[in-house]
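[1] Give the three-dimensional model of this entry:
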Amino acid sequence: MSKRQFVFITACFVQGSFMYTMYYYQIAGNESWITLLAGILLGIAVAFMYGALYKMHFDKDNDSAKGLVEINMAVYGKSFGKLLSLLYVGTLLLSCSRMLREAGQFVAGNLLMGINWTYILAILVILCGWTAFYGVKYFASIGTVTCLFMYIFTIVLFILLLPHSKLYHLLPMGKEEIHTYFKGISLCAALPFSELVAFLIIAPDVRGENRGNLKKELFYGILAGSPFLLISILRDTLVLGPLMGDFSYPGYEVIRLVNYKVFSNVESLYGIIIIFLMFFKSALLFYSVAKALVKILNCKGSPLFYAFVSGVLFFVSQIIADSNIKLSEIVLQRIPYILLSVNVGLPLVTLLMSKIKKIKEK
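    Next comes the predicted model:
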């Protein structure tokens, strides 16, 4: 993939986190857009850190790139580096399984009512395995079109919902306690921006001039994808106001209010688009997990290997929580701190150790 395609893949990855907004509302309510803005700033800082770590281990002379697993082995040694890489695989597998479960339950509860969500989950997992086996070409081929289409469609819906919007739903501001804002910002930074660590695994697939420096591409990708989340949050807040917490999927329910000639009953189409975005992100996470495991286990990415990873993912998606309520509690209380510790804390330590190692070599 080219560097431009890498930008739009990053943007679509961020857009695919659309469903995370329902967790934002449970913490910050009508001030979720404020915590998201702060989370975006932290996400940009994290992306620059990822870019610096990748650039430091890129060999300009041989034009060879190291992914996250190779970087860990170079810094910590082969055995410990692989063991540390398994922590990243665990967090990415957790993110992928959670995303697929939410997608399956969303389809079963809103689009194909009455069907068992595990059947939807099985189909999505199989598609993820097929996409990952196909390789990064799939993501590169549809990333740009998907990103632009989502903006056009979302802006049109935002305009159609203006008659239902109330500015006073943004008020009051500054009413929450400091720890609530801290928790909300931590959630926004962890979901989705800490998950961008997956791009350290797929970064070696980038081709073109100066491919060892991807700081700008990650930055532009966040800038291209984040406004989609911000527009969605503002739309939901302006329309639903204090009722946001009363719906399982506020971002989907608000579209039901659109009723303008050919745009009536547009929520079904919107639901399909949401599922595609969630699948795009899940498939990219699956691909990064599989690629990392190939490096760790030093094996070939055969169809049997992808079938095995698919089976593990399906199993984890089912047992991650007993119910939707339990899943929500896990996301709100534990997931942000797990992701920030592993996906941000460990790369930061690795970056510092890499710099110390280079200073010693000099």
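[2] Tell me the predicted confidence for the spatially most central residue of the chain.
    Centroid check for the chain by CA atoms, centre = their mean gives Pro192 as the closest residue, at 4.3 Å. On the pLDDT scale, Pro192 is placed at 92.
[3] what about this protein, any weak spots by pLDDT?
    Scanning the chain for pLDDT under 70 picks out 260-264.
[4] just checking, what's the longest helix in it?
    Taking DSSP state H as the criterion, the chain has its longest helix at helix 267-297.
[5] Quick check: which helices or strands does it pack against?
    Helix 267-297 is packed against helix 3-15, helix 68-76, helix 78-106, helix 117-134, helix 137-160, helix 199-202, helix 250-253, helix 303-319, with contacts defined by 3 or more CB pairs under 8 Å, 6 or more residues apart in numbering; DSSP states H and E. The way it works is simple: take the backbone N, C-alpha and C, and place the C-beta from them, glycine included.
[6] Can you tell me which of the ones you listed is nearest to Ser354?
    When the helices and strands packed on helix 267-297 are compared by CB to CB, helix 68-76 sits nearest Ser354, at 5.6 Å.
[7] Other residues contacting the closest one?
    The contact list for helix 68-76 (CB atoms under 8 Å, 6 or more residues apart in numbering) reads 53-54, 57, 66, 81-82, 84-85, 88, 197, 200-201, 292, 295-296, 350, 353-354, 357.
[8] wait, is Gly212 part of a strand?
    No. Going by DSSP: H, G, I helix; E, B strand; the rest coil, the assignment for Gly212 is coil, not a strand.
[9] quick one: contacts for it?
    Gly212 touches 54-55, 58, 60, 63, 65, counting by CB under 8 Å, 6+ apart.
[10] Mind giving me the PyMOL select for these, buried ones only?
    Of the contacts of Gly212, the buried ones go into a single PyMOL selection, burial set by 16 or more other CB atoms under 10 Å:
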select buried, resi 54+55+58+65
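[11] can you redo the contacts of Gly212 as CSV with secondary structure and distance to Asp205?
    Output for the contacts of Gly212, formatted as CSV (DSSP: H, G, I helix; E, B strand; the rest coil; distance: CB to CB, whole Å):
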residue, secondary structure, distance to Asp205
Tyr54, helix, 12
Lys55, helix, 16
Phe58, coil, 13
Lys60, coil, 18
Asp63, coil, 14
Ala65, coil, 9
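[12] Tell me the one of the contacts of Gly212 nearest Gly245?
    Looking across the contacts of Gly212 and measuring by CB to CB, the closest to Gly245 is Tyr54, at 39.5 Å.
[13] Now do the spatially closest residue to that closest one that is not a sequence neighbour against Val342, distance only.
    Distance criterion CB to CB, 6 or more residues apart in numbering; nearest residue to Tyr54, sequence neighbours excluded, is Ala203 at 5.5 Å. Applying CB to CB, to the nearest Å, the value for Ala203 to Val342 is 18 Å.
[14] Mind checking which of those two has more residues around it?
    Taking other CB atoms under 10 Å, Ala203 and Val342 do not tie; Ala203 has more neighbours (23 against 19).
[15] ok, the spatially closest residue to Tyr168 that is not a sequence neighbour to Ser165 distance?
    Excluding the flanking residues, the one nearest Tyr168 by CB to CB, 6+ apart is Gly241, at 8.0 Å. Gly241 is 10 Å from Ser165, where distance means CB to CB.
[16] quick check: angle from the one helix or strand Gly43 maps to to helix 3-15?
    In this assignment (DSSP states H and E), Gly43 forms part of helix 32-56. If you take axes from the mean of the first three to the mean of the last three CA atoms, to 10 degrees, helix 32-56 sits at 140 degrees to helix 3-15.
[17] buried sites along helix 32-56?
    32-36, 38-44, 46-47, 49-51, 53-56.
[18] gap between that helix and the chain center?
    Helix 32-56 sits 13 Å away from the centroid of its parent chain (CA atoms, centre = their mean, to the nearest Å).
[19] what packs against that helix?
    Counting by 3+ CB pairs under 8 Å, 6+ apart, helix 32-56 packs on helix 21-28, helix 178-190, helix 199-202, helix 215-240, helix 346-361.
[20] Of the ones you listed, which is nearest Gly104?
    Per CB to CB, nearest to Gly104 of the helices and strands packed on helix 32-56: helix 21-28, 15.6 Å.
[21] Contacts only, for Gln15.
    With CB under 8 Å, 6+ apart, Gln15 has these contacts: 146-147, 150, 225, 228-229, 277.
[22] Just give the nearest non-adjacent residue to Ile296, would you?
    Lys82 (4.9 Å).
[23] Show me how far stretch 48-59 is from its chain's centre.
    20 Å.
[24] And the contacts of it?
    64-66, 70-71, 74, 196-197, 199-200, 203, 211-216, 218-219, 344, 347-348, 350-351, 354-355, 358.
[25] Go again with 7 Å.
    65-66, 71, 74, 196-197, 199-200, 203, 212-215, 218, 347-348, 350-351, 354 (CB atoms under 7 Å, 6 or more residues apart in numbering).
[26] List only buried entries from those.
    Using 16+ other CB under 10 Å as the burial test, those include 65-66, 71, 74, 196-197, 199-200, 203, 212, 214-215, 218, 347, 350-351, 354 as buried.
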